[in-house]
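Student: A structural model of the following input is requested.
(chains A and B)
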2 protein chains.
Amino acid sequence: MKFGIVFFPTVGPSDKSAEVYFDEALRLVDLAEELGFEHVKIVEHYFFSYGGYSPDPVTFLAAAAGRTRRVRLGTSATIPAFQHPVKLAGKLAMLDNISHGRLDAAFGRAFLPDEFKAFGIRMDESRDRFVEGVDAIKRLWTEEDVVFEGAFHRFGPVTLLPRPVQQPHPPVFVTTARSAESCAEAGRAGHHLQTVPNVMSTEELQSRLAVYRAEWAASGRSPGTEQIHFSYPCVVAEDGQEARRKGRVDDDRNSAAIRDAVASWGTTRSEAYPGYEKLVEATKTSHFESKMDQKKLLIGSPDQVRAQLEQISQWFGDDITISLGVHSGHLSYEDAAATMRLMAEQVLPKLNGGRG
Amino acid sequence: MKFGIVFFPTVGPSDKSAEVYFDEALRLVDLAEELGFEHVKIVEHYFFSYGGYSPDPVTFLAAAAGRTRRVRLGTSATIPAFQHPVKLAGKLAMLDNISHGRLDAAFGRAFLPDEFKAFGIRMDESRDRFVEGVDAIKRLWTEEDVVFEGAFHRFGPVTLLPRPVQQPHPPVFVTTARSAESCAEAGRAGHHLQTVPNVMSTEELQSRLAVYRAEWAASGRSPGTEQIHFSYPCVVAEDGQEARRKGRVDDDRNSAAIRDAVASWGTTRSEAYPGYEKLVEATKTSHFESKMDQKKLLIGSPDQVRAQLEQISQWFGDDITISLGVHSGHLSYEDAAATMRLMAEQVLPKLNGGRG
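Tutor: Here you go, the predicted structure:
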């Protein structure tokens, strides 16, 4: 397994200013670089404490690129529906150049009604916009004199500048929450996969990965070349009780943030998002203890977290990559740094009997 | 006078890869920080060697923010017409936070027909889109629960995150090329001014500045608090002949780049851009020697450039700020660094008898 860091701020101005949050996050990027983590990522969200400090992941990743040389830089994800493909392809290509080829480009559909409303985009179109956007971006990256005739955007002939560094193009990931069909499509299209185990049962996730891997191989790609990234909230301390106490604070605040962000699902229905109206209920009945029991949170002492990671690798395979959500912003910089150091120094070296 | 650095790449893949260009540019950012230059800026353009390596100035400036602590970071400019105001306001606010309040936000209308075509935006609307976009961004930065009812965008109530660091908001500049009316509007609106002396006569520019300063003061603002930024291409060497030889190469390549970029003005007419159809002719008859005679290029030995800057300060006032275009990409990193060192060490300390 490989390990990286994902930033998913759930703080707002009354908790911690964005200036302080980003200062801490960039110091944690430096630490990720130093400790050998494989990647740093950040989300794209708006308006709510649920990720809203990061409306443009490329901006944060470019700041990270400017001060690092090794760690990979990932969107987690960025949303094609909310910007023109020429703009998004162009800035991702700039980031790939500035970072000397360290971009992992993950794209998502988005799922918060208030975000779609602000951009004047119908949620029912989100899948079509996602597919068209990713297609346009890949063509702009790989072809010259692109003439694009989509349902939402038409342009060309144009040749995008700058050309990306990674050839034929930066790795493309699809970030998906629940949809089995999205997993199958991602495999067929040769896209890597990013997901959050939090939102489904172990069995559901296993069956989605089986579908994804089968479609990947069936479309002629070498099994094992696909990348699967999971995100987990993560709080580690020498003392497991201390980790649990801090992890509970963190989880409570994360849960409150998502409850606010999904509130408008209480009055929203979209055929493109079957079952999402139940999100509001689900966030109300989400409890720390049951998430711990289901191993959805990487919280505990180094030994406890190591045992849990070994369980995860048995469930999903030891070729998956884990993104650690170490800093939602509610705990201190020192807490997040301690989690990262303990992971790098005490958990990962001993994993699977020291075989990683 | 204050001095900064503006990056306006005019190289394409056959000249210098974007990976090398940005590597050099970020090393020059470090040098600007070290030598005490006031700002670094970068343009927004697409598709052509004329600025096309930088379709998203915020991406580059964020990389610069990640590795500096002092130097200010400016768009030069960014184009509201090409992205949703929520997106642009959000990423500029992220940059203001990441840089601890070092953003100067300059906005422009854009003027290249091929850029508008790619984004599916009518050039005739560009002034209205510019005015609406800047208004929306300032409201998103300064108000909560913004309800925006524009001709092009409607949204709200939304509260932008993150909130910008600089209060009431980051300095707003208008970047204008030729329009006297734009200068008057900028003064009335309390916007700072960015322009390129290259595209008009000294007398025309003087009269525009007079209008701008008069409108600034007439609208109740303290005279002298307005900021006026000029960009000049700049090549300095100990030996004035060497500077001139290199400067001619640079100017020839810059001229070729703009000729390509404006070619479609040969077949474009827009009432919103009176006289722009003559741009093609103007770029054909633009000669290095006449630009040197008119003091449009800061090229020469330290003493020659110092004399020229003293002339510029007599023409336009010694409270203007100069952005030095030291690296279009056609000369080497070492040439650009030498220009910056000579400016910082031999030109600026002696300017106006050492009074700066």
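Student: Quick check: which element contains residue A:254?
Tutor: Residue A:254 is part of helix A:240-262, with elements assigned from DSSP states H and E.
Student: Is the residue located most distally from the centre of chain A in a helix, a strand, or coil?
Tutor: Distance to the chain centre peaks in chain A at residue A:157, reaching 32.9 Å (criterion: CA atoms, centre = their mean). Here residue A:157 takes the strand state, with states given by DSSP: H, G, I helix; E, B strand; the rest coil.
Student: Just confirm it contacts residue A:146, I think it does.
Tutor: Yes. With contact defined as CB atoms under 8 Å, residue A:157 counts as touching residue A:146 (6.4 Å). Heads up, the C-betas are built off the backbone N, CA and C, glycines and all.
Student: to the chain's geometric centre, what's the distance from stretch A:248-266?
Tutor: 17 Å (CA atoms, centre = their mean, to the nearest Å).
Student: can you list the residues that contact that stretch?
Tutor: Stretch A:248-266 is touched from outside by A:8, A:10-11, A:15, A:45, A:48-51, A:112-114, A:233, A:235, A:276-277, A:279-280, A:283-284, A:286, A:288, A:291, A:297, A:299, A:328, A:330-331, with contacts defined as CB atoms under 8 Å, 6 or more residues apart in numbering or on different chains.
Student: go on, stretch A:175-192?
Tutor: Contacts to stretch A:175-192, defined as CB under 8 Å, 6+ apart, come from residues A:76-77, A:104, A:106-109, A:111, A:134, A:171-174, A:193-196, A:199-200, A:207-209, A:211-216, A:218-219, A:221, A:226-229, A:275.
Student: Contact partners for the residue of the stretch 101-250 of chain A found nearest chain B?
Tutor: Per CB to the nearest CB, residue A:162 is where the stretch 101-250 of chain A lies closest to chain B, at 3.2 Å. Shown in contact with residue A:162 (CB under 8 Å, 6+ apart): A:90, A:93, A:94, A:97, B:13, B:17, B:18, B:52, B:53.
Student: The fourth one in helix, strand or coil?
Tutor: Each residue gets one of three states, and residue A:97 gets helix by three-state DSSP.
Student: what does the fifth one give?
Tutor: Residue B:13 falls in the coil class when you classify it by three-state DSSP.
Student: same check, this time on the first one
Tutor: State at residue A:90, reduced to three classes by three-state DSSP: helix.
Student: what about the residue nearest to it when sequence neighbours are not counted, how many residues close to it?
Tutor: Nearest residue to residue A:90, sequence neighbours excluded (CB to CB, 6 or more residues apart in numbering or on different chains): residue B:55, at 3.2 Å. A count of nearby residues for residue B:55, using other CB atoms under 10 Å in any protein chain shown, gives 27.
Student: Check residue A:333 too.
Tutor: Counted with other CB under 10 Å, the neighbours of residue A:333 add up to 17.
Student: need the contact list for it.
Tutor: A:24, A:27, A:28, A:327.
Student: let's see it at 7 Å
Tutor: The contact partners of residue A:333, by CB atoms under 7 Å, 6 or more residues apart in numbering or on different chains, come to A:24, A:27.
Student: What values do phi and psi take at it?
Tutor: Residue A:333 adopts backbone torsions of phi -50, psi -40, taken as degrees, to the nearest 10.
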